[in-house]
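Asker: sequence plus predicted model, see below.
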Amino acid sequence: MALDTLAPDKAGNLAARIETPPAETSGAEPDAAQLLFGAEDPPPFPEMNIFPLEWRVETPKLQAIYDSARDPGWAPNKLPWDTLDPNAFTLDQRYAISYWFTLLSVFDGSGPAVFSRAFIHTWETHEEDPIRKCFFSIVRDEVNHEEICQRAIQAMTPNGPLDFEPETPLGQLARNNIKWYYHNGCRYWSGFQKGVLKFQLPILFTSFLMGEVASSTLFHSMYQKTSIPVFKECFKRVGQDEARHMGICLTVLETILPNLTDEQREIITKQIRAGFVFLSGILYLPPEDFWELGPTFRPAHKMLEEVAREAGLGILTDEERRENWRTAVLKLKGLLDPYGVEFPALPEIGIDGKTVAFDPDDIIPVF
Ligand SMILES: [Fe+2]
Ligand SMILES: [Fe+2]
């Protein structure tokens, strides 16, 4: 008789009414050793699955970096946004500042989605625990960087970057340029999703490093140059985060680079060219190899940068940016040279090297 069919037992005699269990289970329950005799393993765990979970630590230094990154020491909502008065700028200056942060958002605003995809991949490939944890901290940082783009754009052009009506010709040009940049952002995202699954860890991390070298360089220089207080604070904080991301990539590469195969070296050479082409879109000028841009893009871009520069945003001149980018890329070259990685030719910034084919699907750097 099932217990739930019994009438309420107000007198508390329930135990007495339970039927005696069958004899074969009452006195002869198997012990663990007996049970083990009949145990069976499940089918093998499939490749590229996040299970089984494990917490291997192979690089204690990465664990230490993660521990120091647990608290980034700042938050976008705590920055002095109340000191940013849109009315202190002309309409065109507002459009131009918003424009620049929108260009930045193709790189830094894609960070949360791009790194989340890479983060999941570190689970699928069962990377050691501190690598996964470091990626988690990068995802968190990138969400903060995206919020910087969001707040700057919303302050200067409410409902921007696209959902507002610019009132001047320069504002209209800005919006047209933004559509073209987002068009290329879409192509990058499509390529990245395939690339992150296709390439092995050494390739991914060299490309990631390229992005982090670029971003820390960019924010450091703009921090020094901007005259707008809240943006100075933004560039300082974001730059600190990016330098930490660079440290993570360098630490991972310390163990990977000495064990490269010839094939991996060749892919890295191509990857650096691909990374350069993509990242030049914010570090310098967008090269034609990848960037599909409308007929008015380049002259409009120059005008908008000039107006944002006059407004005090801290955009370096073309010549300063070329020098900056060149110095950063040469640092990367110095790091890779000892491991026999040939550097690609980057004639745009005066660096000689191997001429390599370019494939838009190879673009996987992250900011
Ligand atoms: Fe970032
Ligand atoms: Fe980063």
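Answerer: Arrived safely. Ligands and ions are numbered 1, 2, ... in the order given.
Asker: next, give phi and psi for L316.
Answerer: Backbone torsions of L316, given as degrees, to the nearest 10, read phi -70, psi 160.
Asker: got it, and K354?
Answerer: When quoted as degrees, to the nearest 10, the phi and psi of K354 stand at phi -80, psi 140.
Asker: pLDDT below threshold where in this protein?
Answerer: Low-confidence segments of the chain (pLDDT under 70): 1-28.
Asker: ok, A32 - how many residues close by?
Answerer: 8 (other C-beta atoms under 10 Å). (Glycine included, C-beta is placed from N, CA and C.)
Asker: quick one: list the elements packing against the longest helix seen in the chain.
Answerer: Counting by DSSP state H, the longest helix found in the chain is helix 169-198. Helices and strands touching helix 169-198, as assessed by 3 or more C-beta pairs under 8 Å, 6 or more residues apart in numbering; DSSP states H and E, comprise helix 91-104, helix 111-124, helix 262-283, helix 297-310.
Asker: same for the last one, what does it pack against?
Answerer: Put plainly, it is helix 297-310. helix 91-104, helix 169-198.
Asker: how about the residues of the chain near ligand 1?
Answerer: 108, 111, 142, 145, 367 (C-beta under 5 Å from the ion).
Asker: can you do 8 Å?
Answerer: Selection of the chain residues close to ligand 1 by C-beta under 8 Å from the ion yields 107-108, 111, 141-142, 145, 215, 238, 241-242, 245, 367.
Asker: skipping adjacent residues, who's closest to the residue of the chain at minimum distance from ligand 1 in space?
Answerer: Using C-beta to the ion, the single residue of the chain nearest to ligand 1 is H145, 3.8 Å away. Of all residues beyond its chain neighbours, the one nearest H145 is D108 (4.3 Å), with distances taken as C-beta to C-beta, 6 or more residues apart in numbering.
Asker: what of F119?
Answerer: Leaving out its chain neighbours, the residue that sits closest to F119 by C-beta to C-beta, 6+ apart is F135, at 4.2 Å.
Asker: pretty sure that neighbour contacts F115?
Answerer: Yes. Assessed by C-beta atoms under 8 Å, F135 is found in contact with F115 at 6.5 Å.
Asker: stretch 129-136 and ligand 2, any residue contact?
Answerer: No. If you take C-beta under 8 Å from the ion as the test, stretch 129-136 misses ligand 2, and the best it gets is 11.0 Å.
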